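A.B. asks: got a structure for you, letters missing:
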């Protein structure tokens, strides 16, 4: 019985030693380790430039969570660099350990996004990019130094129907005022 235990231990120690010798090791949990300080913001912003990237300011208007990915709808207001639509879709890992970026719906951000490998159209951000709240003057100033003044997208104009009714109401108001003045002038004569 004792010989069996010793033999089992020898086999176990031998297997562990063989695994270590060949480089086979158990998986190690990895956390996202790309935090950077204010002094490194300009470097991060400059390093972001790429043909597959986009730098823009927008408001996160909605979020969907499929368990592994957060997908944000973003209403874009300014574009520093890249090709992006006024209504963009931006995704990130749902877990901060996977370098995911959690954004607050309704808040405005400056996004430093890359096109994902799985989809040329989907923009992706992570906590290693320079994406930050749009109130972060350091990041906005660094973006302007790197990319120049952003292109400001025009706010949505009111629908044609609303504009038409405002015009009609204006014309009717002027006609009533002129008619009133003419009627008052006749009564006095």
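C.D. replies: Ah, there it is. Note that this is a predicted model, so its numbers are computed, not measured.

A.B. asks: Where do the strands of this protein begin and end?
C.D. replies: 53-65, 69-81, 87-93, 108-115, 123-124, 132-133, 151-152 (DSSP state E).

A.B. asks: Turn those strands into JSON lines, including mean pLDDT and mean neighbour count.
C.D. replies: C-beta: built from backbone N, CA, C; applies to glycine. Shown next, in JSON lines, are the strands of the chain (pLDDT from 0 to 100; neighbours: other C-beta atoms under 10 Å):
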{"stretch": "strand 53-65", "mean pLDDT": "95", "mean neighbour count": "18"}
{"stretch": "strand 69-81", "mean pLDDT": "96", "mean neighbour count": "19"}
{"stretch": "strand 87-93", "mean pLDDT": "94", "mean neighbour count": "20"}
{"stretch": "strand 108-115", "mean pLDDT": "93", "mean neighbour count": "22"}
{"stretch": "strand 123-124", "mean pLDDT": "92", "mean neighbour count": "22"}
{"stretch": "strand 132-133", "mean pLDDT": "94", "mean neighbour count": "17"}
{"stretch": "strand 151-152", "mean pLDDT": "94", "mean neighbour count": "10"}
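
A.B. asks: between the ones you listed, which gets nearest to residue 140?
C.D. replies: Closest approach to residue 140 among the strands of the chain is made by strand 108-115 (6.0 Å; C-beta to C-beta).

A.B. asks: mind listing what that closest one pairs with, with the direction of each?
C.D. replies: Partners of strand 108-115 in the sheet, by DSSP bridges, are strand 53-65 (antiparallel), strand 123-124 (antiparallel), strand 132-133 (antiparallel).
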